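In: With the input below, show me the fold.
(2 chains)
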Amino acid sequence: MTSTVARPSVAPAVDLRTTLAGVRFPNPVFTASGCAAAGRELAQFFDVAALGGVVTKSIMVRPRSGRPTPRMAETPSGMLNSIGLQGPGIDAFLEHDLPWLADRGARAVVSIAGGSVEEYVRLATKLRGAPGLAMVEVNISCPNVEDRGQVFAGDSGAAAAVISAVRRQSPAHIPVFAKLSPDVTDIVAIARACVDAGADGLSMVNTLLGMVIDTTTLRPALAGVTGGLSGPAIRPVALRCVWQVAQVLPEVPILGMGGVRTGLDALQFLLAGASAVSVGTAVFGDPRAPVRVLAELEQALAERGIDRVADVIGLATDRLPRPDIARTEEEQ
Amino acid sequence: MPVQVAGRVLTMRRVGAYHAMTLLADGIAEEFRPGQFVAVAVGGPDSSMLLHRAFSIHAVTERGQYGGTVTFVFAVIGRGTAWLARRRPNDAVDVVGPLGRSFRLPRDRATATLVGGGYGSAPLFPLIDALRARGCRVDAVLGAATADRLFGPLEAKRRTTSVVFTTEDATMGERGRVSDVLPAVLEHTGSDVVYACGPMGMLRAVSAIAAARGIPCQVAVEESMACGIGVCMTCVLPVVGDDGTTRMVRSCVEGPVFGGDRVRFGDVGTVPADALGAPVAPLADAAPPGATP
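Out: Residues are numbered from 1 along each chain as shown, chains lettered A, B, ... in the order given. The predicted model follows:
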């Protein structure tokens, strides 16, 4: 009896490989943009090449100081941040950060952010041929300086303009993913616009806009007043967004994120239609969260008798004709 | 390199207004140098509190009866620290450390004055030991609002050549603040170097006093952090680099110890206009800044 106790109850032998727009990844667990810097800090705790991919913090054309402090407020099962995209700029990133990831054998998903279509184009151009680059994630939740600071992600036309420009500048074998904001009336419409503009896939979702007021100072807790809400608090919203888009655009690959903290959370996103997931805020309190989530996901699949990650992707969506279409046909 | 360890509570002590927690946590002591800190997860694996709490390391043992230990001191200021204060021996606490840059020690035997505010004195004790091991003379100035908020006064007396206490209500030592007595202490001891840890206002005053006398000064800042490991970018402050350029640097990895003459104390909480990459475009500030992590 003791020999069986020593072994895990279920020996995971799951094929974890996944594909995003034709690019193969060894497993479906990635870091999330803005929660892993460029991988170096997390490499103190685990091998970054063991993840499906490392999604880097959004990089801009020039070095950027970000916003004043306080930049962060903890909220129930979440956090609010207002960093302001602090970063070294694309040139320093290409010189120091991306080569480091390539040397480690990590698959880099580089997130880019700009204030105008032209800035996104410059970033995409600089990334052409960069070693280690597996994919580009376009952070369109940025204010458009040419449109009174309205975020690109909130407008189908603006989002499409950025995506089509980046797609044109990027080599054909590098997928371009649009990262969508959940703060829109109809996320399916924005998703469709991005896909029509050439997006090879969608990253869903970015943070939700939120606010905390300090009841001692009687002022907003963040120097930036409002901030992006992340963590398990937003997981049901993120999951709903992924599911809604996967229902309508089942052929479009989705990198899902929003409050993934455990393997079962990751499984929910895969079932909703994501082909891979990013682990973000969970890293802040548990640096090994991405590799832990991966191990837990493998275990969860094994326990359910599922041999391949690919078999669960979109399992919770309707693969049959959509109910409204089916009903119409019955009525005819 | 820091390690992430499933720690277990060995002891919990009340120390005046504070709590001292000693965790069994292998691998932290071996790499520890004075001034470094630990990042602690609170509330257990299903906690609604997702972010690390960072605490300066007060003491370590490499191997005792049970293994390596690490001790830190905290005040209950919110739900996370209240949870920590309720831990009892053998409870699990996930901990990452040692983190951050340590105090730099003088190459030769020197005379050092250490300044601590509140429980900011906690990380100064391993520094006292390291300095004395090098044959340095160590004097200290410890201050707090009230006597029960002075951390480790008796221990400080035991381990230093001289120590001066200040409290704002005169419940112990001189009435006033550390900055009121520091000039006289520096004069009296002829200190070659100053080390300080405590609130930002105290560090600013101490740095100015040291600078006015041409004495090198190192300060350990207590900035609010979400991760402690360099990925969240929340604990930044404006610091002047070797090249003269001001950058918004992370106090968790570039600090928490900085040269007192390098921190732009008057600009903490702002992004100075001459900082690298400043300012954020006005339009970006006018727009909803959310969804731009």
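In: I am assuming A:S230 contacts A:G258, so please confirm or correct that.
Out: Yes - taking CB atoms under 8 Å as the definition, A:S230 is a contact partner of A:G258 at 7.3 Å. In short, each C-beta sits where N, CA and C put it, glycine included.
In: Any idea how many residues pack against the residue in the stretch 201-332 of chain A that chain B sits nearest to?
Out: Residue of the stretch 201-332 of chain A nearest chain B, by CB to the nearest CB: A:L209 (3.2 Å). By the criterion of other CB atoms under 10 Å in any protein chain shown, A:L209 has 20 neighbours.
In: hang on, the earlier thing: find the residues that touch each one of A:S230 and A:G258.
Out: Taking CB atoms under 8 Å, 6 or more residues apart in numbering or on different chains as the contact rule, A:S230 and A:G258 both touch A:G280.
In: and after the longest strand seen in chain A, which helix or strand comes next?
Out: Using DSSP state E to define each element, chain A has its longest strand at strand A:133-139. Where DSSP states H and E defines the elements, the next helix or strand beyond strand A:133-139 is strand A:143-144.
In: wait, what's in contact with A:F269?
Out: A:238-239, A:242, A:256-257, A:260, A:277.
In: so of those, which ones are in helices?
Out: The members of these that map onto helices under DSSP state H are A:238-239, A:242.
In: how about a markdown table for these, with pLDDT added?
Out: Output for the ones in helices among the contacts of A:F269, formatted as a markdown table (pLDDT from 0 to 100):
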| residue | pLDDT |
| --- | --- |
| A:A238 | 98 |
| A:L239 | 98 |
| A:V242 | 98 |
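In: With respect to B:E155, which of these is nearest?
Out: Among the ones in helices among the contacts of A:F269, A:A238 lies closest to B:E155 (CB to CB), at 50.0 Å.
In: Could you give the number of residues near the nearest residue to the closest one once chain neighbours are set aside?
Out: Once flanking residues are discounted, A:A238 sits nearest to A:G258: 2.4 Å by CB to CB, 6 or more residues apart in numbering or on different chains. Applying other CB under 10 Å, we find 31 residues neighbouring A:G258.
In: and A:G258, what is it in contact with?
Out: With CB under 8 Å, 6+ apart, A:G258 has these contacts: A:182, A:204-205, A:230, A:234-235, A:237-239, A:241, A:280.
In: let's see 7 Å
Out: Under the criterion of CB atoms under 7 Å, 6 or more residues apart in numbering or on different chains, the contact list for A:G258 reads A:205, A:234-235, A:237-238.
In: Taking the residues you listed together, which two end up most distant?
Out: A:V205 and A:R235 (10.1 Å).
In: and the two? which has more neighbours close in?
Out: Between A:V205 and A:R235, counting by other CB under 10 Å, A:V205 is the more crowded of the two (29 against 20).
In: quick one: contacts for the nearest residue to the more buried one once chain neighbours are set aside?
Out: Distances taken as CB to CB, 6+ apart place A:P182 nearest to A:V205, at 4.2 Å, with adjacent residues excluded. Each residue near A:P182 by CB under 7 Å, 6+ apart is listed here: A:205-206, A:208, A:237-238, A:241.
In: B:G152 now?
Out: Residues counted as contacts of B:G152 (CB under 7 Å, 6+ apart) are B:121, B:125.
In: For it, give me the pLDDT.
Out: Looking at B:G152, its pLDDT stands at 96.
In: quick one, phi/psi of A:L202?
Out: phi -130, psi 140 (degrees, to the nearest 10).
In: Now it: closest residue in space, sequence neighbours ignored.
Out: A:I254 (5.2 Å).
In: Let me know whether the one you found touches A:A199 as I believe.
Out: No - with contacts counted by CB atoms under 7 Å, A:I254 stays clear of A:A199, the gap being 10.8 Å.
In: Now do the longest strand of chain A, average pLDDT.
Out: For strand A:133-139, the per-residue pLDDT averages 98.
In: so how far is that strand from its chain's centroid?
Out: Distance of strand A:133-139 from its chain centroid, counting by CA atoms, centre = their mean, to the nearest Å, is 10 Å.
In: buried residues in that strand?
Out: Within strand A:133-139, the residues that count as buried by 16 or more other CB atoms under 10 Å in any protein chain shown are A:133-139.
In: ok, the ones in helices among the contacts of A:F269 vs B:D108, which is closest?
Out: Among the ones in helices among the contacts of A:F269, and counting by CB to CB, the member closest to B:D108 is A:A238, at 57.9 Å.
In: got a list of what that closest one touches?
Out: By CB under 7 Å, 6+ apart, the contact list for A:A238 reads A:182, A:204-205, A:256-259.
In: And A:F45, by the same measure?
Out: Contact analysis of A:F45 by CB under 7 Å, 6+ apart lists A:287-288, B:4.
In: Let's see that with 10 Å instead.
Out: The contact partners of A:F45, taken as CB atoms under 10 Å, 6 or more residues apart in numbering or on different chains, are A:283, A:286-291, B:1-4, B:96, B:229.
In: what does A:S278 give?
Out: If you count contacts by CB under 10 Å, 6+ apart, A:S278 has them with A:28-33, A:35-36, A:51-55, A:109, A:137, A:179, A:203-204, A:255-258, A:260, A:266, A:269, A:290, A:293.
In: Please list the residues of the stretch 101-250 of chain B that sit near chain A.
Out: Applying CB under 10 Å from any CB of the partner chain, we find that the stretch 101-250 of chain B lies next to chain A at B:223-238, B:246-248, B:250.
In: Helix, strand, or coil at residue 66?
Out: Because you didn't say which chain, this covers chain A. coil (DSSP: H, G, I helix; E, B strand; the rest coil).
In: look at chain B instead
Out: coil.
In: Give me the nearest residue to it, chain neighbours excluded.
Out: Nearest residue to B:Y66 in three dimensions, chain neighbours excluded: B:L24, at 5.3 Å (CB to CB, 6+ apart).
In: Quick check: which ranges of chain B have low pLDDT?
Out: For chain B, applying pLDDT under 70 flags the ranges B:280-293.
In: Domain parsing of it, as residue ranges.
Out: Listed domain ranges for chain B are B:3-99, B:103-220, B:225-278 (source: automatic domain parsing).
In: what's the spacing between the second one and its chain's center?
Out: In this case it means domain B:103-220. Taking CA atoms, centre = their mean, one finds the center of domain B:103-220 at 13 Å from the center of the full chain.
In: Straight-line length of that domain, end to end?
Out: End-to-end distance for domain B:103-220: 8 Å, by CA to CA, to the nearest Å.
In: Which other helices and strands does the strand ranked longest in chain B contact?
Out: Counting by DSSP E, the longest strand found in chain B is strand B:3-15. Counting contacts by 3 or more CB pairs under 10 Å, 6 or more residues apart in numbering or on different chains; DSSP states H and E, strand B:3-15 is packed against strand B:18-24, strand B:37-40, strand B:69-74, helix B:79-85, strand B:92-99.
In: again, only this time at 6 Å
Out: Packing partners of strand B:3-15 (3 or more CB pairs under 6 Å, 6 or more residues apart in numbering or on different chains; DSSP states H and E): strand B:18-24, strand B:92-99.
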